[in-house]
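Trainee: Sequence first, predicted model second:
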Amino acid sequence: MDHPKRQISHVIHLLTEGSPADQKDALDAYFLPDASFIHPLCRVPSFSHISLPLIGEINSRWVIWMIYRWYKILSPRIILNIECDEFNQKSSILFAEIHQIFSLFFVPFYKSDVRLTTKLQLVHPANDGKYYIQSQEDLYQLNEVVKFFWPGGATIIWLWQVFATGLCILGALMLAPITWVEQRHANGVNSVKKGFEGPRPR
């Protein structure tokens, strides 16, 4: 990519909504051969030059290609919208906020409305001046992940999260003396630090 912020939307659409050939071409053009991939349901570590019987030599980009192929088999029609993207040129990290509608072909009339953040670590080799994807990490909230395989599961997770929040409040109130002790200790440590620093010049 010459301009990651401008081009990333096109790359993501090729990978998710494009044909199998589009997916392969996008991976070959924009991902490093030893790129890594992290998703809540699967993971591809970085590797290269591994030989498999009947398949030949593969690398981690090939495995990512297989994941995207399976993704398209599970949901032949994906509707995806990139709501915002941010690129930090100093760290070469790009974040994309994504909203997608994913439909499993074997579950009639069910569509999962899922939101996620994709984190892409880019590299910028000096020899050609383009940006390439070194790693992709898809970040989902738990209630979003379950939408892929558990119709109605997001509501159960939401209710559990609200219940767990109530437990946090109850625990914090019941064990308030521990908080007071911790705060008194912190105040004492801060007082000692200020004593060592001495008065500041005006």
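Mentor: Okay, I see it. Numbers count the residues shown, from 1 in each chain.
Trainee: Tell me where the protein is predicted with low confidence.
Mentor: 192-202 (pLDDT under 70).
Trainee: at 80 instead, please
Mentor: For the chain, residues meeting the criterion pLDDT under 80 lie at 104-110, 148-149, 151, 189-202.
Trainee: For it, which segments count as helices?
Mentor: When assigned using DSSP state H, the helices of the chain occupy the ranges 4-17, 20-30, 60-74, 142-145, 153-174, 176-197.
Trainee: who's in contact with the residue nearest the centre of the chain?
Mentor: Closest residue to the average C-alpha location of the chain: D138 at 2.2 Å, with C-alpha atoms, centre = their mean. Shown in contact with D138 (C-beta atoms under 8 Å, 6 or more residues apart in numbering): I38, H39, P40, L116, T117, T118, K119. The way it works is simple: take the backbone N, C-alpha and C, and place the C-beta from them, glycine included.
Trainee: Contacts only, for the third one.
Mentor: With contact taken as C-beta under 8 Å, 6+ apart, P40 is in contact with D138, Y140, V145.
Trainee: Just the closest of these to N190, please.
Mentor: Closest approach to N190 among those (C-beta to C-beta): Y140, at 39.1 Å.
Trainee: Can you tell me how far the residue lying closest to the closest one once chain neighbours are set aside is from N88?
Mentor: Spatially, and ignoring its direct neighbours in sequence, Y140 is nearest to L116 (4.8 Å; C-beta to C-beta, 6 or more residues apart in numbering). Separation of L116 from N88 (C-beta to C-beta, to the nearest Å) stands at 19 Å.
Trainee: Pick out whichever of the two has more residues nearby.
Mentor: Taking other C-beta atoms under 10 Å, L116 and N88 do not tie; L116 has more neighbours (17 against 10).
Trainee: Next one: the more buried one from W180, what distance?
Mentor: L116 is 40 Å from W180, by C-beta to C-beta.
Trainee: I'd say I93 and Q121 touch.
Mentor: Yes - if you go by C-beta atoms under 8 Å, I93 and Q121 touch, sitting 5.8 Å apart.
Trainee: Figure out which of the helices of the chain is closest to N81.
Mentor: Closest to N81 of the helices of the chain, according to C-beta to C-beta: helix 4-17, at 9.3 Å.
Trainee: So for the closest one, what gets flagged as buried?
Mentor: P4, I8, V11, I12, H13, L14, L15, T16 (16 or more other C-beta atoms under 10 Å).
Trainee: which one of those sits closest to F47?
Mentor: Out of these, the member with the shortest distance to F47 (by C-beta to C-beta) is L15, at 20.3 Å.
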